[in-house]
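Colleague: Predicted model and sequence follow; I will ask about them next.
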Amino acid sequence: MIKNGDLLVAEPFLGDSNFERSVVLICEHDPSGTFGLVLNQTTQLQLADVIDDSVYPDIPLFVGGPVAKNTLHFVHRR
């Protein structure tokens, strides 16, 4: 059973370019649906490229998935 905080690792040859070889952190899973973030798809961007007054400008940004690309989510330990 999938639950919040689980990591899903895609099969090597999944066939869906959005999730091929992806590691997904499940953030929310309930009867209405599932929301997760892809953790291992890097970009060439850093936080300062998308936020003007960034305290941590050199933090790299990742593509979190194929849906809602106009949002910014943080996975952190600070």
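Modeller: Perfect, thanks for sending it. Numbering: from 1, shown residues only.
Colleague: helix or strand for G15, which one?
Modeller: Following DSSP states H and E, there is no helix or strand that holds G15.
Colleague: for it, phi and psi?
Modeller: Torsion angles at G15 (phi, psi; degrees, to the nearest 10) stand at phi 90, psi -10.
Colleague: for the residue found closest to T42 once you drop the neighbours it is linked to in the chain, what are its contacts?
Modeller: The spatially closest residue to T42, leaving aside those adjacent along the chain, is F62, at 5.6 Å (C-beta to C-beta, 6 or more residues apart in numbering). Backbone N, C-alpha and C define where each C-beta goes, glycine included. Residues near F62 by C-beta atoms under 8 Å, 6 or more residues apart in numbering: 38-43.
Colleague: okay, F62: pLDDT?
Modeller: At F62 the predicted local confidence, pLDDT, stands at 89.
Colleague: Tell me the spacing between it and K3.
Modeller: 23 Å (C-beta to C-beta, to the nearest Å).
Colleague: R21 now?
Modeller: 23 Å.
Colleague: higher neighbour count, the two?
Modeller: R21 (13 against 7; other C-beta atoms under 10 Å).
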